[in-house]
Every structure is written in C-alpha cells, then in structure tokens.
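Asker: Provide a 3D model corresponding to the input given below.
(chains A and B)
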There are 2 protein chains.
Amino acid sequence: MADWLTATYVVTCDERDVAARAAAIASEQSVECPLEAIGEQRILDEIVARVTSIAPAGAGRFRVEVAIAAQTIGTNPVQFINMVFGNASLWDDVQFAALEVPDNVLAMFPGPRHGIDGIRRLLDAPERPLTNAAMKPQGLHVPDLATMCRTFALAGVDIIKDDHGIDNQGYSPFVERVRACQAAIGEAVAATGKPALYAPNLIGTPRVLRERARIAREEGVRVVLVAPMLVGLPAFFDLVDEFPDFVYLAHPSFGGARHIAPELLFGRLLRLFGSDAVIFVNVGGRFGYTHETCAALAGGARAPWGRLRPALPVPAGGMRLERIEEILEFYGRDTMLLIGGNLLIDQAHVQERTREFVDRVLSAGVRS
Amino acid sequence: MADWLTATYVVTCDERDVAARAAAIASEQSVECPLEAIGEQRILDEIVARVTSIAPAGAGRFRVEVAIAAQTIGTNPVQFINMVFGNASLWDDVQFAALEVPDNVLAMFPGPRHGIDGIRRLLDAPERPLTNAAMKPQGLHVPDLATMCRTFALAGVDIIKDDHGIDNQGYSPFVERVRACQAAIGEAVAATGKPALYAPNLIGTPRVLRERARIAREEGVRVVLVAPMLVGLPAFFDLVDEFPDFVYLAHPSFGGARHIAPELLFGRLLRLFGSDAVIFVNVGGRFGYTHETCAALAGGARAPWGRLRPALPVPAGGMRLERIEEILEFYGRDTMLLIGGNLLIDQAHVQERTREFVDRVLSAGVRS
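Answerer: Here you go, the predicted structure:
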C-alpha cells in the first residue's frame, strides 16, 4: 500500500475493548468524527484510516496497526506528526510504537545531512568508536568553560559539547562563550594535531535559533547541540534545512517518552527530522531504559531506511568510566560515547580521567 | 524567593526512595551532575536547584517542590521549559504538576494578546457563553467546506474552525480554502448581521507557519487554530509575537499529557505562550479527563496570573448537544463550547442541529 502509512500503537486495555479502541485510534488519526457524519463515499474509501491488525503484546496489551492515508499528510512534515500521533497522544492507554513509511512520504524528509560517515570524516576517524564530553555544570563563567573545553580536547575527546542547560545566561553569554571555546579548542588541536570539535547548545524560539546558528557558523562551529523536542520538531526541521553544514547532535530534553516509544522517538523520529547523532539515556544510567529498548533505539538509528543516512547513537545519561568496555561491547563501533559529570568528580584530575576515557575507548576491542 | 521559581512534581515511588528521587530531580533540572563535580561555592549556593518540600499525595505518590534559580533561565522562554521539565520528562515516575513563577521571570511572557475580553469584543458578545464548530471531516473539497462554514454561520455559531487534520492537502489547499471560507462566512454575516469568524488551521514548520499567517492576514482572518505542542511551543511563541493581531485558539494535538499534568499544560503553559483560547478534552468525551482535572484546567486558564490576560476555556473532544446545559453549568459563561462531529451526524439536518446548539447555549441559565 504505497499510498498508506502504517502506524503501530500499543494499547493497554481489556481484550473485549481492543477492537473499539483500535477503531477509535483510526478515527482520531484521520477524520476525527463519527462515520455517520461522513456523507461522501470517497472519504470513507480513501481518507478514513483503517485498522489492519490487532495482536496480543503481553498481559493486557495489544499491538494495533493502523493504515493512514498518505493523502492526509501531503508534503508537510508537521502534518505528518499530526496524522501519526496527534490526538491519540492524549490517551493514557495508547503508546505510539512503530512506523512504516512508504517512499513517497519518506521523500519529504532529507534526514541527517552528514550522518555517521560525515561525522567520521570531520573527525578523521573512519572506524573507531567516538568520544563526547559535556562541559558542566552550568553556572561556570566563560573562561572556566573554555579551560574545560581545552582540557577535554588535549585529552583527546572528539566532540566537546555544552551541557544542555547552558544557554545565554549572564554567567556564560552565548557569543562570548562560543568565541572562547572555539579559540580554546583551536589551541588544543594545534597542539595535538588531532581533530576535536566544540558543539555549542542552540536553544530558543525559531528566530533565536537562527540568529545563534548564524553566529556559530561565523565562528567556525561545525557541530551544534539541539534538543529537538524542546525547540520543537518543526523548528528543528527548518534549522537543519537552513543550516545544512552543521552536524546536529540531538539532545533528549523534554522528550518525555512515555507516549512515544523511546526507540521510535529517538531511534527514528529524530533521525527523520535531521539529527546526525542522537543522544539518549542508556540502560543502567540515571534513567530507566532497558537493554532491549536501547538496542532497538540504536538499531533504528543505524538501520537502512529509504535514502536517509544512518544517525550515530550516543548513549549517555550518567555513564561512568568503568562501563566503557561494556557499552562498546553492546553498541559496537558506530557509536559515540558521552561521559558527563563522571569526568569531573575528581576536580584535581580532570585531564587524567578524560585521558583514561579516551584511551579506554581507543583500546577496547570493538566489533564492527 | 523572587529569584527562584517553584516547580512541583508528582513522583510515584516508595516512601524510602522519595528523598533521593527529589534530589535527583533537583540535580537534573539544574546542574545535571554530581555535587562533587562542582568546584565553586557560588554554583552550589546560587545555581543548584533545591528541594523545598516533599508531601504525601495519595498511595505511593508524593508532591515534590523544587526551587529553580531564575538565573538559569534568563530571558529565554525555551530555556524556561528546559529548566522546569527538560530531562525530568524522561522519567516514567515523574509528572510535572504545577508551577509558581516570580514576576521577574513571568515578565518574559506577554501571554494572550486578546484573551477572553478581546474575543468577546470581536464577537460583540460581552457576557454569554460562546460557540465553536469544526468543519469535518478532512477530505472534503473546498466548495463543501465553504458550504459547511456558511451553514454554521447562518445557524449562529461564533467561531467556525478547520478540523485540526485539515492542512494543505490536495483536496483542500490552504489558500483556496481560506479564501472560500472567508467569503462564505462574509455572506452569512451579511445575511444575519451577527458576527462570526472563520479560524483556519495553521500547521507547518516555522517558515510555513509564517507564510500561511501572512496569507490568512491578507484574507482578513481574525482567528487562527494552532496546536502549540505540535508546531512546538517555541515556534508558537514566535508566531504570536509576529502576528499579534490574530486571536489564537490552541488545539491539544500532540499534547500527550501523561508527563505534564493536563491542568498545567493546557491551563497554564499554553496561556503563558500566548493562547487566547485553549481547546481541551472535556470530561465525559472521547478522552479520560476527570471533573477535577477539567475544573483545575479551566480555573488555571482564567485565574489572575501576573499581568497575563485570562484565556478562554474551550471544552471539546466528543461533545454532544444533550450535554450543553451540563457543560455550561460546570464551566460558567466565560467558556466557548466546541461541538464537532455531533452537529453532522444527521447529514440532512446540519443547519437545524447547529441552530439547536446555538439556541441551547443562548438560553441556558448560566452563572457568571
């Protein structure tokens, strides 16, 4: 059915109710009115969404597949989200779980402009796992952030990002910070001969995003951190389109994934909207994702999907040095490790801990 | 504490864990790193968020109040969301439930530009409850939509909106539709002498929103329908700022409210970002909100809040004619009733049913 998408929802309900729940989803995600309110046969045939399958998915849960007419979406990426999970997001018993998109609909999404290969080229690291560190905590003044940036780069980290709470606060204004951190990383790269990239956090309404992206570009920034759910998927889509030269590292903030399965939101939707690399909360960290969720999420980010480039999984959220080998064993080499606060817990030895981070990543035996 | 916000979260956990969960929220919503990774006393004193209260909230649930430093937000509305519910949105056991914002932070939000009074002025209806109907289903061609618009206006409805699934599809392109519906409603107003307004749906990335808003303004549109969570709160904020002459009717699509309490998201946040009127899913309709949730939501939209105008509650989501008196009894007169598919279920008598809708609203004895 090239002219229909398939959206899958996990519904928690009694078996006797599931057919009605499924029909309600199909109505809500298309015509949003009683069928008897539809006077035209064409609309019943071509526009109303259809339940195509209902299957058990564990105790009291069902996987419901709904075919949604591509016509109802047209070529608007925001309408795409509206039609796959607009009103149905308001039900507590419905989770949006999976998506199959025909090529003619997928064509409206250029997806990641660089993807895994592009990131590897920028870093001159064609095969090994990559490393990422976060400058923390917010509240530090600009010279301290620049020092931290230099320290991480001297220790060999590939991408050094702002913490996602760092914006344009009085203690670390955006322009001054980007300039100082770019200079600091430049000095480190000149000293080591190894590429390293600073990724400032872009946060704001669309006009602010655009203004900051321009500044970042002028300052020679190549990678930016953006939280797509926070700035809004639509604004993120426009940003990527207007500034395709940046590598986009997606942060999960405001991504409250209860209603959208994490593997779908972070593994698929953020890629669809143009993330080159996707930060997500890894199993065993500060958040409750399982091994299965994380594997599915990383798998989805990298799997062939139409003409979309693969996106780089970035497991994070409370990672510790001791776990590096385990994480790499789990995710393989097309992965970027992000370690945040754990690099900083011994304030006198940040460079040594960071060097250990980098060395352990470089020396881990990693499957391809 | 004028320089601190208070955010309240409902946490589902064992009593013995709640102090640790509360501390984790405070960390995640500010410095996002272990306290031992912070080398500067100023940051510990001024930047780290603080748990200010923990109280039982029913079996296995606790209300946790966290003070968040205004400094960490600055004057960026998107950073505001990031700091009140960014990473914490990723926990299944945490719901963002309430918010107290000091005046200096509230000052960055102009809020509704028209609010309840502005809507009443446009409609020349200073006191009575208002009425709203939706053109459904999507899939109808433009002449049929225009006919429906005229029918509803002739029957006396105040605001006639696109269904939220109507975008710019081949069957009802935006420009042609807006022009036809504006003309249709103009004819009806000329015939009845009673004001009525057509509200087209604006959906798209920020650039598309702006382009369509320009077209709508040129065509004389005064009210627009926008789903703020779908287009993104930040893009919505910019849109309201750039096109302050429109009345904004907020649609709940993609507002999956499990992690943000509905009364907070729809009653407060959408008002903060500039909605003049807020559509929400009423108790007893197609969605599962309770009377308590709905009362709190409508109360929040209308309550005094700094210098923000009150926003108009619009209960909806499967409302039927039989419920009009009950709904008005519950919400009082600063309310706009939205009835969708129920006006259309008898295709031969749409105008009569709509007239009944309007008459029942006008004749209901409503408290002020």
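
Asker: mean confidence (pLDDT) on the host helix or strand of A:A67, please.
Answerer: Using DSSP states H and E, A:A67 falls within strand A:61-69. Strand A:61-69 shows an average pLDDT of 95 in the prediction.

Asker: and for stretch A:177-192?
Answerer: pLDDT averaged over stretch A:177-192 gives 97.

Asker: what do you get for stretch A:129-144?
Answerer: Here the average pLDDT along stretch A:129-144 is 89.

Asker: and stretch A:38-56, by the same measure?
Answerer: 94.

Asker: can you list the buried residues in it?
Answerer: The neighbour-count check on stretch A:38-56 (16 or more other C-beta atoms under 10 Å in any protein chain shown) flags A:I38, A:I43, A:I47, A:V48, A:A49, A:R50, A:V51, A:I54 as buried. C-beta here means a position set from N, CA and C on the backbone, and glycine is covered the same way.

Asker: for those residues, which one is nearest B:S89?
Answerer: Taking C-beta to C-beta as the measure, B:S89 lies nearest A:A49 of these, at 28.3 Å.

Asker: how near is that closest one to A:V64?
Answerer: 11 Å (C-beta to C-beta, to the nearest Å).

Asker: please apply the same query to A:A146.
Answerer: 52 Å.

Asker: element containing A:I119?
Answerer: Per DSSP H and E: helix A:115-123 holds A:I119.

Asker: determine how far that helix lies from the middle of the whole chain.
Answerer: 16 Å (C-alpha atoms, centre = their mean, to the nearest Å).

Asker: what comes into contact with that helix?
Answerer: A:112, A:114, A:126-127, A:130, A:158-159, A:195-197, A:222-223, A:247, A:276-277, A:302, A:309-312, A:334, A:336 (C-beta atoms under 8 Å, 6 or more residues apart in numbering or on different chains).

Asker: quick one: name the residues of the stretch 1-150 of chain A near chain B.
Answerer: A:24, A:28, A:30-34, A:36-40, A:42-43, A:46-48, A:71-74, A:76-79, A:81-83, A:85-87, A:89-92, A:136-140 (C-beta under 8 Å from any C-beta of the partner chain).

Asker: which stretches of chain A form strands?
Answerer: Ranges of strands in chain A, per DSSP state E, are A:4-12, A:50-56, A:61-69, A:94-100, A:130-135, A:159-162, A:197-199, A:223-226, A:247-250, A:277-281, A:312-316, A:336-339.

Asker: ok, now which ones touch A:T72?
Answerer: A:S30, A:I47, A:A49, A:Q79, A:M83, B:Q138, B:G139, B:G165, B:Q169.

Asker: let's see it at 7 Å
Answerer: Residues near A:T72 by C-beta atoms under 7 Å, 6 or more residues apart in numbering or on different chains: A:S30, A:I47, A:M83, B:Q138, B:G165, B:Q169.

Asker: where helices are concerned, which of those residues count?
Answerer: Those of these mapping onto helices are A:M83, per DSSP state H.

Asker: pipe the contacts of A:T72 into a markdown table and attach distance to A:R177 per row.
Answerer: A markdown table is the format used below for those (distance: C-beta to C-beta, whole Å):
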| residue | distance to A:R177 |
| --- | --- |
| A:S30 | 47 |
| A:I47 | 50 |
| A:M83 | 40 |
| B:Q138 | 46 |
| B:G165 | 43 |
| B:Q169 | 44 |
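
Asker: max pairwise distance over the contacts of A:T72: which two?
Answerer: The most distant members of these, if one measures by C-beta to C-beta, are A:S30 and B:Q169, lying 11.7 Å apart.

Asker: now list the buried members of the contacts of helix A:115-123.
Answerer: A:112, A:114, A:130, A:158-159, A:195-197, A:222-223, A:247, A:276-277, A:302, A:309-312, A:334, A:336.

Asker: can you list phi and psi of A:M319 for me?
Answerer: phi -80, psi 150 (degrees, to the nearest 10).

Asker: mind listing what the residue in the stretch 151-300 of chain A that chain B sits nearest to touches?
Answerer: Nearest residue of the stretch 151-300 of chain A to chain B (C-beta to the nearest C-beta) works out as A:G232 at 1.6 Å. Counting by C-beta under 7 Å, 6+ apart, A:G232 makes contact with B:V231, B:G232, B:L233, B:P234, B:A235.

Asker: let me see the ranges of the helices in the stretch 201-350 of chain A.
Answerer: A:206-218, A:228-231, A:233-242, A:262-264, A:270-272, A:291-302, A:324-331, A:350-363 (DSSP state H, counting those that start in this stretch).

Asker: for the second one, what is the distance to the chain centroid?
Answerer: In other words, helix A:228-231. Per C-alpha atoms, centre = their mean, the centroid offset for helix A:228-231 relative to its chain is 10 Å.

Asker: with stretch A:34-42 instead?
Answerer: For stretch A:34-42, the distance to the chain centre is 39 Å (C-alpha atoms, centre = their mean).

Asker: what's the answer for stretch A:116-131, then?
Answerer: That offset, for stretch A:116-131, works out to 18 Å (C-alpha atoms, centre = their mean).

Asker: end to end, how far does it reach?
Answerer: 13 Å (C-alpha to C-alpha, to the nearest Å).

Asker: what do you get for stretch A:182-202?
Answerer: 15 Å.

Asker: which residues touch it?
Answerer: So stretch A:182-202 is contacted by A:122-124, A:146, A:149-150, A:153-154, A:156-162, A:164, A:166-167, A:178, A:181, A:209, A:212-213, A:216, A:219-226, A:249 (C-beta under 7 Å, 6+ apart).

Asker: got the buried residues for it?
Answerer: In stretch A:182-202, counting by 16+ other C-beta under 10 Å, buried: A:182-185, A:188-189, A:194-202.

Asker: again with stretch A:162-181
Answerer: Buried residues in stretch A:162-181 (16+ other C-beta under 10 Å): A:162-169, A:171-172, A:174, A:177-181.

Asker: then stretch A:292-302?
Answerer: A:T293, A:C294, A:A295, A:A296, A:L297, A:A298, A:G300, A:A301, A:R302.

Asker: any idea how far the second one is from A:L265?
Answerer: What it means is A:C294. In terms of C-beta to C-beta, A:C294 sits 13 Å off from A:L265.

Asker: where does the stretch 251-368 of chain A have low pLDDT?
Answerer: A:257-260, A:367-368 (pLDDT under 70).

Asker: what residues does it put near chain B?
Answerer: A:252-259, A:281, A:286-288, A:340-341, A:344-345, A:347 (C-beta under 7 Å from any C-beta of the partner chain).

Asker: just the buried members of the residues you listed?
Answerer: A:252-259, A:281, A:286-287, A:340-341, A:344-345.

Asker: between these, which is nearest B:T12?
Answerer: Of these, the one sitting nearest to B:T12 (C-beta to C-beta) turns out to be A:R258, at 12.0 Å.

Asker: quick check, nearest of the buried residues of stretch A:162-181 to A:A364?
Answerer: A:D163 (25.6 Å).

Asker: hang on, the closest one packs against A:K136?
Answerer: Yes: look at A:D163 against A:K136 with C-beta atoms under 7 Å: they come within range, at 4.5 Å.

Asker: shared neighbours, the two?
Answerer: B:E32.

Asker: can you tell me which of the contacts of A:G232 is closest to A:V366?
Answerer: Once C-beta to C-beta is applied, the member of the contacts of A:G232 that ends up nearest A:V366 is B:G232, at 37.3 Å.

Asker: mind checking pLDDT for the closest one?
Answerer: Reported pLDDT for B:G232: 92.

Asker: same thing with A:A2?
Answerer: On the pLDDT scale, A:A2 gets 57.

Asker: cool, and the one 10 residues further on?
Answerer: Per-residue confidence for A:T12 comes out at a pLDDT of 92.

Asker: run a quick neighbour tally on it.
Answerer: 17 (other C-beta atoms under 10 Å in any protein chain shown).

Asker: so it makes contact with A:V94?
Answerer: No: judged on C-beta under 7 Å, A:T12 makes no contact with A:V94 at a distance of 8.0 Å.

Asker: could I get the phi/psi values of A:E219?
Answerer: phi -80, psi 0.

Asker: measure A:G170 to A:R212 for me?
Answerer: From A:G170 to A:R212 the distance is 16 Å (C-beta to C-beta).

Asker: cool, thanks, talk later.
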